[in-house]
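K.L.:
Predicted coordinates and the sequence they were generated for:
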Amino acid sequence: MRSRQRGNSLIEFTLVGIPMIFLLISTFEMARGMWIYHTLVNAAKVGTRYASVHGQLCGTSPNNCLVTVAQVAAQVQNAGVGLDPTQLNLTFTTQGTTGVVCTLNNCLTNHATCPDPAGNAVGNTIEIDATYPFTSVISMFWPGGGSTHPLGTINLPASAKERIKF
C-alpha cells in the first residue's frame, strides 16, 4: 500500500505549486507596472506644475524666473525616480501647439524657453504628455499578449495639463 503512494507529493506540488508560483510572480509584475505608471503620472504632473508658475509675467522686470525645457525636464527626472531617461518620451504642448518632443535624456540638454513663448500668456494651458514602455515577460502568457506585444512591452501613457499662473 505504501509503495503505491510514492510520488503523490510531487504530483500535488506540480498541480498546485506551479500555478501558485506563476500567480505570485504575476502579482509582483502587476504591482511593478502600477508603480511605474503612478511614478510616470506624478512626474508629468510635477513638471507641468513647475512650468505653469514660470510663465510670461515671471520674466518681466524685476523678476527673472523664466525656465527652459531642460529645467522642467530636471523636475520630471527628480519626480520620476526609477524611470530610465532614455526610454521616457515627453511632449511639451502650450495652448494647443506642440512645442518640443524629446526623450528625457535629450530634454535635459534643451535650452528652449518653456512654456513656449508663442502661448506663454497667463491663463493659457501647458500640457506635458509622457509615454514609458513597460516590459514584462509574464504578459506574453496573458490571453492575446504574445503575438501583439513583442516581449510583453506596453506603452504606459500619462498626461498633465495646467493653466499658466503668472
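P.N.:
It's in.
K.L.:
Just name whatever secondary elements the longest helix anywhere in the chain is in contact with.
P.N.:
The longest helix of the chain (DSSP state H) is helix 18-52. On a contact count with 3 or more C-beta pairs under 8 Å, 6 or more residues apart in numbering; DSSP states H and E, helix 18-52 meets helix 69-79, strand 89-94, strand 125-135, strand 153-163. C-beta coordinates here come from the backbone N, C-alpha and C atoms, glycine included.
K.L.:
in that helix, what's buried?
P.N.:
For helix 18-52, the neighbour count (16 or more other C-beta atoms under 10 Å) marks 29, 33, 36-37, 39-52 as buried.
K.L.:
correct me, but Thr109 touches Ala70?
P.N.:
Yes. If you go by C-beta atoms under 8 Å, Thr109 and Ala70 touch, sitting 6.2 Å apart.
K.L.:
neighbour count winner among these two?
P.N.:
Ala70 (15 against 11; other C-beta atoms under 10 Å).
K.L.:
quick one, what contacts the more buried one?
P.N.:
Contact analysis of Ala70 by C-beta atoms under 8 Å, 6 or more residues apart in numbering lists 107-111.
K.L.:
ok, it to Thr125 distance?
P.N.:
Distance check for Ala70 against Thr125: by C-beta to C-beta, to the nearest Å, it reads 21 Å.
K.L.:
Over to Thr93?
P.N.:
Counting by C-beta to C-beta - Thr93 and Thr125 are separated by 8 Å.
K.L.:
Who has more neighbours out of these two?
P.N.:
Shown here are Thr93 and Thr125; by other C-beta under 10 Å, Thr93 has more neighbours (20 against 16).
K.L.:
With the flanking residues excluded, which residue is spatially nearest to the more buried one?
P.N.:
Spatially, and ignoring its direct neighbours in sequence, Thr93 is nearest to Glu127 (4.3 Å; C-beta to C-beta, 6 or more residues apart in numbering).
K.L.:
Okay, now the unreliable bits of the chain?
P.N.:
By pLDDT under 70, the weakly predicted segments of the chain are 1-3, 59, 139-152.
K.L.:
For the residue nearest the centre of the chain, which residues are in contact?
P.N.:
With distances taken as C-alpha atoms, centre = their mean, the chain has Leu40 as the residue nearest its mean C-alpha position (2.9 Å). Going by C-beta under 8 Å, 6+ apart, Leu40 touches 80, 83, 88, 130, 132, 156, 158.
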